[in-house]
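Enquirer: Pasted the sequence and its predicted model underneath.
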Amino acid sequence: MIMIYYPYDWKCEFYSDKHNRVTIEDKDVFEKFLVDLDSCIQSGEESFYMEDDEKQIKIEKSVAVISSPLDLKFTKKDYQKVLFNKLIEELQVNGLDNQLAECYAGVVENIDSLSASVPYNIEFDEELDYSAIFKLLDIRIEQPKGNFSEKMLDFLDGAVKLLNKKVFFFVNCHSYIDKKWYDEIVKWGEYQNVIIVFVENKQIQNNKSINEYILDQDMCEIH
């Protein structure tokens with residue numbers, strides 16, 4: 001994947017089978033990089049350009065930023081509607097929608113009987129609404145568990161399968177991850193064909209296998 005950051009004409013190339021890292025030493029530039037990236041995701045601003053296999057990546061749909069363990073959770077706003085749509089598709093594919101409809105018809109009959117036994121008129125919506133049933137049962141995605149790295153892989157898996165995210169930026173998360181986990185993270189990224197980029201504001205002890213881009217205090221680019 002190619003990433004271009006327009007304000008500094010900075011071009012980086014990232015790979016799904018490598019440990020990718022971006023290090024920006026100047027604090028103001030580091031902050032601007034993250035604010036600009038968030039603006040691209042939230043409002044479609046064009047500070048960044050990304051492409052993979054010569055096809056432009058829609059940043060607002062395909063990119064996510066994680067900056068702390070608190071971000072490794074599935075929010076109802078982003079995931080619930082997609083989850084329900086996926087479950088409805090599975091119901092129909094597996095023929096379970098007919099069984100559920102029969103059960104629901106029994107519930108409606110019971111409500112009709114209840115209506116006839118009370119001395120006042122009641123009304124209700126008889127239409128079968130799968131999403132309403134899921135909400136009644138409080139169906140939701142199980143939140144990631146374990147240490148940061150374990151939660152990270154669970155979160156990434158859900159974000160890829162439900163939201164079709166393809167690129168993840170982890171900001172200053174080095175302190176949460178034991179070195180032994182980086183190989184597992186790279187293996188997962190390669191298997192899923194997903195790009196994972198670690199963004200840091202200071203240089204960390206390097207490793208020859210790391211695909212690292214550095215923008216130092218003097219605004220010199222090092223790769």
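Expert: Alright, I've got the coordinates.
Enquirer: pLDDT weak spots in the chain?
Expert: 206-208 (pLDDT under 70).
Enquirer: Grab the longest helix from it for me.
Expert: helix 96-116 (DSSP state H).
Enquirer: residues in contact with that helix?
Expert: 88, 90-91, 121-122, 124, 126, 128, 130, 133 (C-beta atoms under 8 Å, 6 or more residues apart in numbering). Heads up, the C-betas are built off the backbone N, CA and C, glycines and all.
Enquirer: and those as CSV, adding secondary structure, distance to Val29 and neighbour count?
Expert: Formatted as CSV, those follow (DSSP: H, G, I helix; E, B strand; the rest coil; distance: C-beta to C-beta, whole Å; neighbours: other C-beta atoms under 10 Å):
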residue, secondary structure, distance to Val29, neighbour count
Ile88, helix, 46, 14
Glu90, helix, 46, 11
Leu91, helix, 50, 16
Asn121, coil, 68, 6
Ile122, coil, 64, 10
Phe124, coil, 59, 10
Glu126, coil, 60, 11
Leu128, coil, 55, 15
Tyr130, helix, 49, 17
Ile133, helix, 50, 16
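Enquirer: So of those, which two are at opposite extremes in space?
Expert: Glu90 and Asn121 (38.3 Å; C-beta to C-beta).
Enquirer: what about the spatially most central residue of the chain, is that helix, strand or coil?
Expert: Centroid-nearest residue in the chain, with C-alpha atoms, centre = their mean: Ala159, separated by 3.4 Å. Secondary structure, DSSP: H, G, I helix; E, B strand; the rest coil: Ala159 is helix.
Enquirer: how close does the nearest residue to it once chain neighbours are set aside get to Asp38?
Expert: Excluding its sequence neighbours, the residue lying closest to Ala159 (C-beta to C-beta, 6 or more residues apart in numbering) is Lys165, at 4.3 Å. Per C-beta to C-beta, to the nearest Å, Lys165 is found 15 Å from Asp38.
Enquirer: Next up, the contacts around the residue nearest to Ala159.
Expert: Neighbouring residues of Lys165 by C-beta under 8 Å, 6+ apart: 62-64, 156, 159, 194.
Enquirer: Narrow these to those in helices?
Expert: Residues of these located in helices (DSSP H): 62, 156, 159.
Enquirer: Same list (the contacts of helix 96-116) but as JSON lines, adding distance to Phe48.
Expert: Conversion of those to JSON lines gives the following (distance: C-beta to C-beta, whole Å):
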{"residue": "Ile88", "distance to Phe48": "35"}
{"residue": "Glu90", "distance to Phe48": "35"}
{"residue": "Leu91", "distance to Phe48": "39"}
{"residue": "Asn121", "distance to Phe48": "60"}
{"residue": "Ile122", "distance to Phe48": "56"}
{"residue": "Phe124", "distance to Phe48": "50"}
{"residue": "Glu126", "distance to Phe48": "50"}
{"residue": "Leu128", "distance to Phe48": "44"}
{"residue": "Tyr130", "distance to Phe48": "38"}
{"residue": "Ile133", "distance to Phe48": "41"}
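Enquirer: Could I get the full set of strands for this structure?
Expert: 2-5, 10-13, 19-24, 48-52, 55-56, 63-66, 167-171, 195-200, 210-215, 221-222 (DSSP state E).
Enquirer: Tabulate those (CSV), appending mean neighbour count and distance to Trp181.
Expert: Listed next are these as CSV, based on neighbours: other C-beta atoms under 10 Å; distance: least, C-beta to C-beta, whole Å:
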stretch, mean neighbour count, distance to Trp181
strand 2-5, 18, 24
strand 10-13, 16, 23
strand 19-24, 22, 11
strand 48-52, 17, 25
strand 55-56, 8, 31
strand 63-66, 19, 15
strand 167-171, 22, 12
strand 195-200, 22, 12
strand 210-215, 18, 14
strand 221-222, 12, 25
